Every structure is written in structure tokens, then in C-alpha cells.
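# Next input, structure requested:
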Amino acid sequence: MTISSPDGVRPSEAADLSNNNARNWCARLELGFEARAGHGTVLVHRRHEGPLRVQKALYPEGPEVCHALMLHPPAGIAGGDALTVQVRVGEGAKALITTPGAGKWYRSNGPLATQRLDFEVGAGGVLEWLPQESIVFARVNGRTETVGRLAGDATFIGLDLLCLGRTASGERLTRGQLRLASRIERDGRLIWSEQGLIEGGSRLLDSPVGLCGQPVTGSLLVASEALDGSLLEACRAIRPQVGEGAVTRLPDLLVARYLGPSAEAARAWFVALWAVLRPAIVGRPAAVPRIWHT
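Numbering: from 1, shown residues only. I've put the predicted structure just below:
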């Protein structure tokens, strides 16, 4: 779930940042959303350190849902960078956060790159974290962690889509590693915990019990008390046009996984699932962020 800007390019990107001799970024962004009577959801707190920020709040659906476009002008995460995003959604507030383009985990000559996403949603609140895909360069050395803390009947929808290697130029993830961890709690009770390690050159990348040689993998996590068996069946009836998809329901949680050759097909499938889930659990039709079409 890397954050990027399509027109902000780190000067040494042409060399793939293989020397990691550009300035290392230690960036932090704090966002706070609250529901205000007569005003809908308002972005009441915005603080940043380093090149990680939100330009302004947007309301394409009207005042009830605040959309935020998160920018990281260096365009990706290089060895030695450390990014932290902290989002607080108050009781009854509704926020959707996305990114303007594909993120990047650049290759490293050794230093570790880290990203931490820290989400907190109050009772009756909704946070939709819908970044665009992340491209993982060969020889990456990265770690990303997502923590969600939900109160009462809060809802969280989170998307994570990874492209392993720059497939357009024939690159595969032959070296490097990316560690992933995610954790979701409701009222202090653990409802989801997952850890993973993607290793370049590992046999699991091609194994039938691993990624089957496919370069694109992704997950959609939906934590809501409104999930039921009919929603699960409706989601399972939707199939990706390219690649494979599977949907599982756990207590208060729905998990959708994609594996295949196409980030576009993965995103289209996740959006189709979102179009079924969002009206049922948020009470609003899916409103695809306009930036996705540019």
C-alpha cells in the first residue's frame, strides 16, 4: 500500500535508485476526520513531516463522505526511507483515502525501507483505504505494516495490490525481499492477523502452493458487523476477467484474494466486489475515485 505521485519522480529513479545515494526520507502524515452536525465529515486535523501530505479534502459524493488524495512527491520508497501514516476517523465520520498513481518499492543496496499504516475508526465510522497498486522492484529490501483499531460497529475497507517486478520491461523479482504484516482489532479483540514474506528468487514464486509464477497479487479486507452469507455468495459470483480470485468470510471479516498477470484486471475485480459490498455495509453506492481514470 505504497504512496506515490505520478508527477513527482525522485531524481535518481533513472538508475533505479540502486545506489540509494539520494536523500533518505523519514516522512509522517497525520489525518483526523470528524462528523460535524450540518457539515458531514470534516478533515479537522492534518499534520505532516517530510514529503507526505494531503492537498485538500474533496467531496465528490456530497458532505457525508470526505475523500482525501494522499501525495508522496518522491514517487516511491527507497532503501533507508521510513514512512508513517496515521489516520483517525471519529464516531460517525466517513473517509475514503486513495493515491494518484502506482506506488513503487525501489531496489536497495542494503538499507531497509519501511512503511507503517496506523488506522483508528470510532463507533459508526467508516474508513476506506483504497490506494492504487504498488510496483515492487527486484532487489527490494522493505517492510510494510498495517494496524487497524476499530470501535463498536466501525467499518474498515482496505486494499493492497502488489506487482512483483516491472513486468512491462521483462523484470522479475529474482532478488530482494518484502515483509508484510497486517492486524485488525475490534474493541481490543483481535479479528485479523497476517504476516508474510515475499523473497525474490524463491521457489514459492513459481510453485503451485505459492504464487504459481504470477506477478500480481492482492487482497481486499472488509471488517464490518453487517457482513452476512448473502454478501459472501454475491461476491463469489463475481469472477476476475483474467487471473484467479477467491473470497472468504470470517467472523466480522471478509477477505478477497487475487492472483494473476494483470493489475488492471485485479483492480477491476476488487472494484466489482466493492460495488456489491459498499451499499450493503456503508449504505452508499460505490464511487470510484476520479483520479483512477486519469
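# How about residues contacting the lengthiest helix in the chain?
Looking across the chain with DSSP state H, the single longest helix is helix 263-281. With C-beta atoms under 8 Å, 6 or more residues apart in numbering as the test, helix 263-281 has contacts from 102, 128, 130, 132-133, 155, 157, 159, 161, 163, 216, 218, 220, 222, 224, 226-227, 231, 234-235, 238-243, 245, 247, 254, 256, 258, 260, 284-286, 288, 292. Where C-beta positions appear, they are placed from N, C-alpha and C, glycine not excepted.
# Mind listing what's buried along that helix?
263, 265-267, 269-270, 272-274, 277-278, 281 (16 or more other C-beta atoms under 10 Å).
# Adjacent strands (with direction) for the lowest-mean-pLDDT helix or strand in the chain?
Ranked by mean pLDDT, DSSP states H and E, the weakest helix or strand in the chain is strand 53-58, scoring a mean of 89. Strand pairing for strand 53-58, determined by DSSP bridges: strand 66-71 (antiparallel).
# among the contacts of helix 263-281, which are in helices?
231, 234-235.
# Among those residues, which one is most surrounded by other residues?
C235 (23 neighbours; other C-beta atoms under 10 Å).
# and the residue nearest to it when sequence neighbours are not counted, what does it touch?
Excluding the flanking residues, the one nearest C235 by C-beta to C-beta, 6 or more residues apart in numbering is V247, at 4.5 Å. Applying C-beta under 8 Å, 6+ apart, we find V247 in contact with 232, 235-236, 254-257, 273.
# hmm, try it at 7 Å
232, 235-236, 254, 256 (C-beta atoms under 7 Å, 6 or more residues apart in numbering).
# Could you do I198 as well?
Contacts for I198 (C-beta under 7 Å, 6+ apart) come out as 164, 177-178.
# how about 8 Å then?
By C-beta under 8 Å, 6+ apart, the contact set of I198 is 136, 162, 164, 173, 177-180, 205.
# Over to L150?
Per C-beta under 8 Å, 6+ apart, neighbours of L150: 120-121, 156, 184-187, 223.
# Repeat that for W192.
Per C-beta under 8 Å, 6+ apart, neighbours of W192: 182-184, 221, 223, 250, 253, 255.
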